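> Build me a model:
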Amino acid sequence: MRTAERKRPRRTRERILETSLALFNASGAPHVTTADIADEMNISPGNLYYHFSNKDEIVLELYVAYEARVLPLYADPRGRSLGVEDLWLWLHVQHEAMWEYRFLYRDLTELTSRDRRLRTRVAALIRKGATTVVEWCREMAETGTMRISAREIEALADNVMLIAAYWPAYDRNRRATLDDAPDPGRAAYQVLSLFGPYFADEARTHLDRLSAAYL
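Residues are numbered from 1 along each chain as shown. The predicted model follows:
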């Protein structure tokens, strides 16, 4: 009995996070209250507050889960032989994770303005992502896959993170209705197209083939 009692709070906490993620993704975190979450779960607000004192705490914990998903993608790529398909796969995996937690990016400015802890972690992750893109480009430049200067690499890294961060909001607004099927893979394609002008001939041909198959 004691074992069951110890496990019950953990299960409830996980359910709160799962329910919150679904509601935030569907309606946007600013439009969902803790009362909405409790009602969706058919639990009392007091039960929810036992685990989370406010909505910002829920948002922060979901962000921590998202961060754990993407941080392995930002491992130092130096010393690896990297090509167009490696970059393509890296972008797809990254945007799949972003799509799963898309509410974070749809309302990024508002969420980070509410919680300094979240803002600090988001800023650190963006910087780490940009650094990873820089290292990817340097490795591909050294092997001749890319023809790009150091200054262009820095600008490209910033543009990659910019599009990645604001793609969910753009994708939501560009669709005629919210019932239209979202297309998270399109974000990976848009980001990869930024690299196109810098790819050497063989890599550019490979990119064109990948793009044609995707489109």
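> quick one: buried residues of the helix or strand containing residue 99?
Using DSSP states H and E, the element containing residue 99 is helix 84-100. Buried residues in helix 84-100, counted by 16 or more other C-beta atoms under 10 Å: 84, 86-88, 90-92, 94-95, 97-99. Bear in mind the C-beta positions are built from the backbone N, C-alpha and C, glycine included.
> residues in contact with residue 66?
97-98, 100-101, 104 (C-beta atoms under 8 Å, 6 or more residues apart in numbering).
> how close does it sit to residue 76?
Residue 66 sits 21 Å away from residue 76, going by C-beta to C-beta, to the nearest Å.
> At the geometric centre of the chain, which residue do we find?
Centroid-nearest residue in the chain: residue 98, 2.6 Å away (criterion: C-alpha atoms, centre = their mean).
> residues in contact with that residue?
66, 70, 104-105, 164, 167-168, 184, 187.
> Looking at those, which gets the smallest pLDDT?
Among these, residue 184 carries the weakest pLDDT, at 62.
> Specify the residue ranges that define each domain of this protein.
2-53, 59-214 (automatic domain parsing).
> and those domains, which is most packed in?
Mean neighbour count (mean count of other C-beta atoms under 10 Å) peaks for domain 59-214 among those, with a mean of 16.
> So, low pLDDT: which residues of this structure?
Counting by pLDDT under 70, the chain has low-confidence residues at 1-10, 175-185, 213-215.
> so how far is residue 212 from residue 88?
13 Å.
> Correction: the previous question concerned residue 37.
44 Å.
> isn't residue 106 right next to residue 169, touching?
Yes - counting by C-beta atoms under 8 Å, residue 169 is a contact partner of residue 106 at 4.9 Å.
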